[in-house]
Each structure stands twice: as C-alpha cells, then as structure tokens.
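1. Make a model of this:
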Amino acid sequence: MKKQTINRLIQAVVVLAVVYALVSFSQGRQTDTGIAMPANLTGLRTASDKLVIETETDTVELEREGEKWFWDKKAIKKAKATEILDALEGLEFARVVSSDGSGADQYGLIGGATKSISVYEGKKRLRTIVIGGATNPGRFYAKLGGKSVIYEAEGGLLAVLEEPFSQWTETEKKAPAKTEKEETEN
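-> Model prediction:
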C-alpha cells in the first residue's frame with residue numbers, strides 16, 4: 001500500500017475513535033449505566049385487592065371482591081381489570097436515567113402529567129409506581145414511590161392509565177326503544 005493510503009486510513013480510524021468517544025461520553029452524561037431491573041410486580045394479580053390511581057385531577061380507587069373489580073360500586077370491565085393487572089406485571093425498568101432523582105421535572109414526574117398507581121393488600125401498600133412523561137411508544141419515565149431512582153420504563157401501563165376512567169365501568173344494556181307501530185299494537 002502507498003504511504004498516503006495508510007495515512008488516510010489512520011486518520012479515518014482516529015476520527016471514528018473520537019466520534020465514538022464523544023457519543024459514549026454524551027450517553028454517559030444522559031443516563032447512568034447499570035443493570036436495569038424488572039419492576040418485580042409478579043404475584044400482584046393474586047395478592048392485590050385494591051388499586052389507587054391518582055392523576056392531577058382524579059383519584060380512583062378500584063377494589064376487588066372475589067374475581068371482580070369495582071369502582072364506587074360499579075363493576076369494572078373484566079377486560080380492563082385484566083389489562084391493568086397485566087400491565088403491572090409486565091412492567092420493566094429498561095434503564096436508569098437518574099440515580100439521585102435529579103431532573104424529575106424534566107421527566108414529567110413532578111406536576112400535571114404525573115400519574116401514580118398504588119397496589120394494596122388489605123390496608124398494606126405493596127407498591128407505588130409514579131409515572132411521568134412518555135419517551136417512545138410503550139416507554140415512559142417512572143420511579144418507585146419512596147425511591148429517588150428514575151427509570152425509563154417499558155410496558156403498557158401508561159397507555160392503560162390514559163384511557164378515560166369513565167370508560168372503565170361496565171354499562172348496562174338498555175332495551176331498544178319501541179317504535180310507534182309497536183306501541184299502537186300493544
């Protein structure tokens with residue numbers, strides 16, 4: 001090989017090494033590396049008998065009686081209850097974004113966008129998850145209640161909680177209204 005070609009290859013390798021170092025440094029400043037963890041919510045399906053969901057404007061308490069869940073004595077749709085419990089059990093913390101809780105406002109964990117869900121067994125609170133802003137579809141910022149570590153979480157929990165609470169309850173099916181012809185025949 002010519003000396004000029006070797007020099008250009010060395011320059012290209014150096015440039016790539018510098019770019020790699022800058023990208024690595026930038027990512028290191030944005031996130032704390034480390035092993036992320038599952039939210040460890042397995043078993044809540046059978047242990048929990050009360051879920052308290054809080055938003056800026058609403059607090060909803062869902063209570064279980066046997067296999068059914070209720071909100072203010074109105075039955076929750078079975079599919080919705082299953083969806084909430086599945087989302088809790090499937091929640092995973094993909095990466096740590098702040099180990100000391102700094103920047104909580106930037107992650108939507110302080111203020112109007114914040115939601116939380118607390119899981120109870122009897123009067124004992126088993127776990128609270130504070131949910132912040134979305135990062136990508138199926139990803140959002142979250143932290144465990146009482147802890148300062150902020151994670152980027154993965155799962156369907158945020159999407160489940162964004163549906164209006166009014167659509168969670170079962171609605172009674174009304175009989176169709178009678179037509180004029182049916183009324184005159186009776």
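2. for the chain, which strand is longest?
-> Secondary structure of the chain read by DSSP state E shows that its longest strand is strand 124-136.
3. In contact with residue 123, which residues are there?
-> Residues counted as contacts of residue 123 (CB atoms under 8 Å, 6 or more residues apart in numbering): none. C-beta: built from backbone N, CA, C; applies to glycine.
4. Check the spacing between it and residue 17 real quick.
-> 58 Å (CB to CB, to the nearest Å).
5. Likewise for residue 91?
-> For residue 91, the distance to residue 17 - CB to CB - is 38 Å.
6. try residue 137
-> Distance from residue 137 to residue 17, by CB to CB: 34 Å.
7. Would you map the strands across the chain?
-> Under DSSP E, the chain gives strands at 50-54, 59-65, 68-71, 74-75, 92-98, 115-121, 124-136, 139-144, 150-154.
8. what about stretch 70-80, start to end distance?
-> 11 Å (CA to CA, to the nearest Å).
9. ok, and what's touching it?
-> Here stretch 70-80 makes contact (CB under 8 Å, 6+ apart) with 60-64, 68-69, 160, 163, 165, 168-170.
10. in the protein, which helix or strand is least confident?
-> helix 180-185 (a mean of 55; mean pLDDT, DSSP states H and E).
11. Just put the contacts of stretch 70-80 in CSV and tack on pLDDT and neighbour count.
-> Listed next are the contacts of stretch 70-80 as CSV, based on pLDDT from 0 to 100; neighbours: other CB atoms under 10 Å:
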residue, pLDDT, neighbour count
60, 91, 16
61, 93, 14
62, 92, 21
63, 93, 17
64, 92, 16
68, 91, 12
69, 92, 25
160, 88, 18
163, 85, 11
165, 84, 15
168, 88, 22
169, 86, 17
170, 76, 14
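12. Poorly predicted segments of the chain, please.
-> 1, 21-40, 42, 112, 171-186 (pLDDT under 70).
13. and it, what are its domains?
-> By the record's domain assignment, the chain is partitioned as 1-30, 44-167 (automatic domain parsing).
14. Provide the partner residues of residue 75 in its beta bridges.
-> Per DSSP bridges, residues listed as beta-bridge partners of residue 75: residue 70.
15. re earlier: comparing residue 91 and residue 17, which residue is more hemmed in?
-> Higher neighbour count among residue 91 and residue 17: residue 91, with 23 against 10, using other CB atoms under 10 Å.
16. if we can go back for a sec, just put the strands of the chain in TSV and tack on distance to residue 108.
-> Shown next, in TSV, are these (distance: least, CB to CB, whole Å):
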stretch	distance to residue 108
strand 50-54	14
strand 59-65	19
strand 68-71	25
strand 74-75	30
strand 92-98	12
strand 115-121	9
strand 124-136	3
strand 139-144	6
strand 150-154	10
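17. So which of those is nearest residue 5?
-> Among the strands of the chain, strand 92-98 comes nearest to residue 5, with 41.4 Å by CB to CB.
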